[in-house]
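[1] predicted model and sequence below, questions to follow.
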Amino acid sequence: MTMNIQMVEQTIFALASGAGKAGIAVFRVSGPSAKMALSVLASEKVTPPRRATRVRLIDPVSEELLDEALAIYFPGPASFTGEDVVELHVHGGRAVIAGITEVLNTIQGVRMAEAGEFTRRAFDNDKLDLTAAEGLADLINAETAAQRRQAQRQLRGDLGIIYDDWRRRLLKATALFEAEIDFSDEDLPPGLKELVVEQVSVINNEIANHLDDNGQGQILREGLHIAIVGPPNAGKSSLLNRLSRRDVAIVSEKAGTTRDVIEVYLELGGYPVIIADTAGLRVSGDDLESEGVRRAEERASHADLKLVVFDGAVWPEKDARTETIIDENTLVVINKSDLMDHTKKEHLVISSKTGDGLEGLLDLLKKEVFDRCHAGASPALTRSRHRSALNDCCKSLGRFEVALETELKAEDLRLAGRALGRITGRVDVEEVLDIIFSEFCIGK
Ligand SMILES: Nc1nc2c(ncn2[C@@H]2O[C@H](COP(=O)(O)OP(=O)(O)OP(=O)(O)O)[C@@H](O)[C@H]2O)c(=O)[nH]1
Ligand SMILES: [Mg+2]
C-alpha cells in the first residue's frame, strides 16, 4: 500500500449532511488534527470515544457561542476513514454552519475536504475496496428499494469478495506456473502444469457465467429503459401521461404531435425505469417530424423493453412500420378500448382515456421489469468498469489457453490477474506473488 504523506498529514472537514436548512447538520472532521480541532471549538473536554457528548461550540476569537451541539470522537483506525474522526451534530441553520466552517478553516493543518476525499482515505487505509466504495456511492444515489439492496450488498463487500477470490486463485495458479518454469529441473510435484490449466479453465468459466447476466445489475443501477413506440395518434403520449400520473407530454388529435423523445423516471414495483414517449412512426414531408421518427426508431433499438401501442380506432389494421419493431422484448397494447367492441382478447387492450386495462398493463410491466432487473441469489455485475475488466481478464485467460510459448502463457496469467486487481483496486500483484511464492517452498 502506498501512502501519500501529504494527504495523511492534513486534516479534512466537510458538511456530511446535505446543503440547506435542516433540523440537524453533521460535520465530519478526519485526520491527525481532528481531536485538536474539536478542542479549539468545544468549551468542554471531550474524551470518551464513540459516545455522543454535549458540547458548546465557541468561536475562539470572538468567544461567541456558535451552537450547542453533540460531538462524537472516533479514534483511528476504528473509524470510517481509518484516521481520527470527529463528528459534530449541530443545528442545521446557515449561520451556524458558516460559523463553524469559518473556525475550522482557520485551524492550522485543517482544510475543507475535496469531493470523495473521505472515502478515498478509507480506501487508502484499506477500510474498503473500490467495489465497496462504488457501492457506497450507489447507496447514496439509490432511488428505489431494489437499488438500495443492491448497493448495500456491494458496500458490504459481496462483489469485492468474488473478484478478490478469483484474483487470489489466479495468483496462485500463476505462482504454480512460474514455479514450473523456474524450477523445472528440480523436484516438483508431477502434473503441475495440468493442474494450472485446469484451475484456469474453472476460473474462466466462473467469470464467463458471471458476465452472462443479461445486464441485470447494470440495468438496476442505471434504470430500465422502456420506449413507447407506435403509429401516430395511437395514444402514446396519453399513455405516458397515465403511467407517470402527470401531464408531461402534449396530447392532441393531430397526428405527428410528439417530436422530441420525452423521458419520465418512474419506480415500478421497487425497480427504476425510464419511460420514453416517442414520435409516431410514419413517412413525413416535414423535416422536424422525420427527425423525430428517426429518434423514435433509434430509441426503440436501444431500449431494454418496447411498449408498442396500436390505435384501437382503426384496429385490426396494424401499422407495418411499427410491426417491424416487435421482437421478444416487446409488449404490444391496443389503445382506445373505449372505441372498440372488442370480443377477442389476444392482445392487451387499454384505454388511456378511461383507464380501462391499465392495471393489467402495470402488472405486466412490473413483471417484465422484475425479470430484467432481478439478479437472484448471487451478487450481480453492476458497472461497465467491472465488465470491461472482466472481459480483459477472460481474453487473457483465453490467450493463455492457446498460447504455445511458456513465457507468453505466464504473461497472460499475470495480465489476467492484473485485470481483476483493477476492479477492487488491488494492483500490487508482484507483492502478493512474493508472499505466495515464499510459502510455496519449492523443492524443499
Ligand atoms: N377515445 C380515446 N381517445 C384517446 C385514447 N388515448 C388517446 N386518445 C386520443 O387520441 C389522440 C392522440 O393521442 P396522443 O396521446 O397525442 O397520441 P400519440 O400516439 O402520442 O400521437 P403522436 O404524438 O402524434 O404520435 C388524442 O386526441 C387523444 O385524446 C383513448 O384511450 N381513447
Ligand atoms: Mg405523442
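    Sure, I can see it. Keep in mind that what you see is a predicted model, and the values were worked out from it rather than measured. Numbers count the residues shown, from 1 in each chain. Ligands and ions are numbered 1, 2, ... in the order given.

[2] from residue 387, how far off is residue 136?
    20 Å (Cβ to Cβ, to the nearest Å). For every residue, glycine as well, the C-beta is placed using N, CA and C.

[3] please apply the same query to residue 365.
    For residue 365, the distance to residue 387 - Cβ to Cβ - is 27 Å.

[4] those two - which one has more neighbours?
    residue 365 (21 against 18; other Cβ atoms under 10 Å).

[5] the more buried one is in contact with residue 271, isn't it?
    No: under the criterion of Cβ atoms under 8 Å, residue 365 is not in contact with residue 271, lying 10.0 Å apart.

[6] pLDDT below threshold where in the stretch 151-300 of the chain?
    184-189 (pLDDT under 70).

[7] up against ligand 2, what does it have?
    236-237, 257-258 (Cβ under 5 Å from the ion).

[8] from those, which two are the most distant?
    Of all pairs drawn from these, the greatest distance, 9.4 Å, lies between 236 and 257 (Cβ to Cβ).

[9] what's the overlap in contacts for those two?
    residue 280 (Cβ atoms under 8 Å, 6 or more residues apart in numbering).

[10] those two: which is more packed in?
    When residue 236 and residue 257 are compared for neighbours, residue 236 comes out ahead with 32 against 18, by other Cβ under 10 Å.

[11] residues touching that one, list them.
    228-230, 258, 277-278, 280, 309.

[12] for ligand 1, what is the nearest residue in the stretch 251-400 of the chain?
    Per Cβ to the nearest ligand atom, residue 280 is where the stretch 251-400 of the chain lies closest to ligand 1, at 2.6 Å.

[13] next, the contact list for residue 9, please.
    If you count contacts by Cβ under 8 Å, 6+ apart, then residue 9 has 31-32, 109 around it.

[14] which of these fall within strands?
    Secondary structure from DSSP state E places none of those in strands.

[15] and the closest residue to residue 143 other than its chain neighbours, helix, strand or coil?
    Spatial nearest neighbour of residue 143, chain neighbours left out: residue 272 (5.9 Å); criterion: Cβ to Cβ, 6 or more residues apart in numbering. At residue 272 the chain is in strand, as set by DSSP: H, G, I helix; E, B strand; the rest coil.

[16] which residues touch residue 272?
    Contacts of residue 272 by Cβ under 8 Å, 6+ apart are 143-144, 146-147, 220, 222-224, 265-266.

[17] how many neighbours does residue 287 have?
    8.

[18] surely residue 40 is in contact with residue 107?
    Yes: look at residue 40 against residue 107 with Cβ under 8 Å: they come within range, at 5.6 Å.

[19] contacting residues around residue 391?
    Residue 391 touches residue 211, counting by Cβ under 8 Å, 6+ apart.

[20] one more time with 10 Å
    207-208, 211, 384, 419 (Cβ atoms under 10 Å, 6 or more residues apart in numbering).

[21] and residue 313, what element?
    Assigned by DSSP states H and E, residue 313 falls within no helix or strand.

[22] burial of it, as a residue count?
    With other Cβ under 10 Å as criterion, residue 313 counts 15.

[23] what's the answer for residue 405, then?
    8.

[24] ok so, going back, could you dump the contacts of residue 236 to TSV with neighbour count and secondary structure?
    Converted to TSV, those look like this (neighbours: other Cβ atoms under 10 Å; DSSP: H, G, I helix; E, B strand; the rest coil):
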residue	neighbour count	secondary structure
228	28	strand
229	26	strand
230	29	coil
258	22	coil
277	28	strand
278	27	coil
280	28	coil
309	28	strand
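
[25] which two in those are spaced the farthest apart?
    It's 258 and 309 that sit farthest apart of those, by Cβ to Cβ, at 11.8 Å.
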